[in-house]
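> A structural model of the following input is requested.
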Amino acid sequence: MAASVLQRCFGGVKVIHKPGSHSFIARRCLLSAAYTDATIWEAREKDPQNLASLASLMDKTYERNFPVSSLTISRFVDNISSREEVDQAEYYLYKFRHSPNCWYLRDWTVHSWVRQCLRYGARDKALHTLKNRVQFGMFPDDFTFNLLIDSFIKDKDFKGACSVVEEVMLQESFDLLTTQILSLYALSSYLATKPDLNVSEERALGAALLIAGLKQDNSVGLSAQLLGYALLGKVEMSNGIHAVFKSMPLMWTPGYLGRALSVMERAAADPGDSKLSKDALDYLEGLLHNLSSASDSDSSGEDEPEEEKKKEVDEDDLAEREKLPVYAGKFKELSGQLQSRGKVDPSPLKVLVSSHVQQSLASAEGPDMEQYQRKVEEWEAERQQLIRREKEMKKKVEEERQARQAAKEAAQA
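Below you'll find the model as predicted:
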């Protein structure tokens, strides 16, 4: 059912109603070369290491049940020079995460890992460690997320981009405007491919659309919120409220379809120029129709006693499903208000997002790049401090060893 409804929702993305009216889609719609350029990162002071020696050192350290330092794993990742070495680094990142020093994986090491994966064609490894973040300790910052999302988008792998956006959503890392825009672009582009979604995917996409949309006070944000609430409402109606917030940073309170209607109500009352995309409204309309039809079919069935059916459904979920006729009626009322007030945009959500990319992404990059440069400088200062501390500790250990050796020789004399 998800595939058929989404087809109605996004089937018109490729249609251009007026010649040249959507020509901006073919123009700049991704991060600039300056944003993704590694010059600032590569300008750090080099610390060349032999990976075989580092691997041997870490293996021996683990065998003796001693902790490997965060500086050692950082050096290993920084000195990757091939695709095969990416695989080795993945193993040692896993080992480090399961060691006593697991909390000390440095932010710059996470950033370096993602850059190395992109550099050596191992983007799948970066995504794997993100999806299994608890096992690898991968919690990137927003800038690092942007680089990875952008890489997937440029290759038109929108499903992969959405997988990264899901991790952004789970970390609630939509603070940067660039991250919000890239995420919404990835989500709308993926939905435009008419994917056949399972419950888990509907929940993840709905949550990502909702949380990213809440950060945008415009037509794109409102439309994303509407579609996000609708997808989550579908999961709630089909599988219950507990299926919605499972592993998701979402409200536990039932009524996601009601919240979708509240978005329509806000848009209708908004005195500004914000509108809702027609395809998002069409999706909600089709969803309400399908759910109402399914509910009528269930209520007329005689295969299972009514008492048994109610036992399988939570009381809150049952109460929510009984509101479907009210929701359907309210949708018609609000839809009429939106139409009469010119609050419906005929453009598909993907087109609205693409226009937003053109208008906002370039100006949003500047602050990110300035913040990134400051962050790299802070990371480098912290790394140099660790290097100095390591030298001091080695010197102290050597002095103690020499003192013990001298004492031993004096005792033997």
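> Okay, now the unreliable bits of the stretch 101-250 of the chain?
Along the stretch 101-250 of the chain, the model assigns pLDDT under 70 to no residue.
> can you give me the helices in it?
Using DSSP state H, counting those that start in this stretch, the helices of the stretch 101-250 of the chain run over 107-119, 123-131, 133-136, 142-154, 158-171, 177-191, 199-213, 219-239, 241-244.
> what about those helices, which gets the closest to Asp270?
Taking Cβ to Cβ, helix 219-239 is the member of these nearest to Asp270, at 8.2 Å. Backbone N, C-alpha and C define where each C-beta goes, glycine included.
> buried set for the closest one?
Using 16 or more other Cβ atoms under 10 Å as the test for burial, helix 219-239 gives 219-238.
> hang on, the earlier thing: save the helices of the stretch 101-250 of the chain as CSV, and put in distance to Ala328 too.
Formatted as CSV, the helices of the stretch 101-250 of the chain follow (distance: least, Cβ to Cβ, whole Å):
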stretch, distance to Ala328
helix 107-119, 46
helix 123-131, 38
helix 133-136, 40
helix 142-154, 37
helix 158-171, 29
helix 177-191, 23
helix 199-213, 20
helix 219-239, 12
helix 241-244, 20
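> nearest to Thr61, of these?
Checking the helices of the stretch 101-250 of the chain against Thr61 by Cβ to Cβ gives helix 107-119 as the closest, at 17.0 Å.
> so what does that closest one touch, helix or strand wise?
For helix 107-119, the elements it packs on are helix 39-42, helix 70-78, helix 83-97, helix 123-131, helix 142-154, helix 349-412, judged by 3 or more Cβ pairs under 8 Å, 6 or more residues apart in numbering; DSSP states H and E.
> and the angle for that helix with helix 83-97?
Helix 107-119 runs at 150 degrees relative to helix 83-97, counting by axes from the mean of the first three to the mean of the last three Cα atoms, to 10 degrees.
> quick one: helix 107-119 to chain centroid distance?
Offset of helix 107-119 from its chain centre (Cα atoms, centre = their mean, to the nearest Å): 17 Å.
> contacts for it?
38, 41, 70, 73-74, 77-78, 80, 86, 89, 93, 122-123, 125-126, 129, 137-141, 143-144, 147-148, 151, 376, 379-380, 382-383 (Cβ atoms under 8 Å, 6 or more residues apart in numbering).
> that's a helix at Pro67, yeah?
No: counting by DSSP: H, G, I helix; E, B strand; the rest coil, Pro67 is located in no helix; its state is coil.
> so what's it up against?
Thr61, Ser99, Pro100, Asn101.
> Likewise for Trp252?
Ile241, Phe245.
> Please repeat the previous calculation with a cut-off of 10 Å.
Contact analysis of Trp252 by Cβ atoms under 10 Å, 6 or more residues apart in numbering lists Ile241, His242, Val244, Phe245, Asp316.
> Give me the pLDDT value at the last one.
Which is Asp316. Listed pLDDT for Asp316 reads 83.
> can you count the residues close to it?
A total of 16 residues lie near Asp316 under the criterion other Cβ atoms under 10 Å.
> now the first one
Ile241 is flanked by 22 other residues according to other Cβ under 10 Å.
> ok, now the second one?
By the measure other Cβ under 10 Å, the count of residues near His242 is 13.
> one step back: quick one, which of the helices and strands packed on helix 107-119 is nearest to Leu54?
helix 70-78 (4.9 Å).
> CA atoms only: put that closest one into PDB for me.
Extracted C-alpha coordinates of helix 70-78, given in PDB (Å, rounded to 0.1, in the frame of the first residue of the first chain):
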ATOM      1  CA  SER A  70      43.300   7.500  21.600                       C
ATOM      2  CA  LEU A  71      46.400   9.000  20.000                       C
ATOM      3  CA  THR A  72      47.500   5.600  18.600                       C
ATOM      4  CA  ILE A  73      44.200   4.800  17.000                       C
ATOM      5  CA  SER A  74      44.100   8.400  15.600                       C
ATOM      6  CA  ARG A  75      47.500   7.900  14.000                       C
ATOM      7  CA  PHE A  76      46.400   4.700  12.400                       C
ATOM      8  CA  VAL A  77      43.300   6.300  10.800                       C
ATOM      9  CA  ASP A  78      45.300   9.400   9.700                       C
END
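> pLDDT averaged over it - what is it?
Mean predicted lDDT for helix 70-78 stands at 97.
> tell me the angle that helix makes with helix 83-97.
With the same axes, to 10 degrees defining the directions, helix 70-78 sits at 160 degrees from helix 83-97.
> other SSEs contacting helix 70-78?
Packing partners of helix 70-78 (3 or more Cβ pairs under 10 Å, 6 or more residues apart in numbering; DSSP states H and E): helix 51-63, helix 83-97, helix 107-119, helix 349-412.
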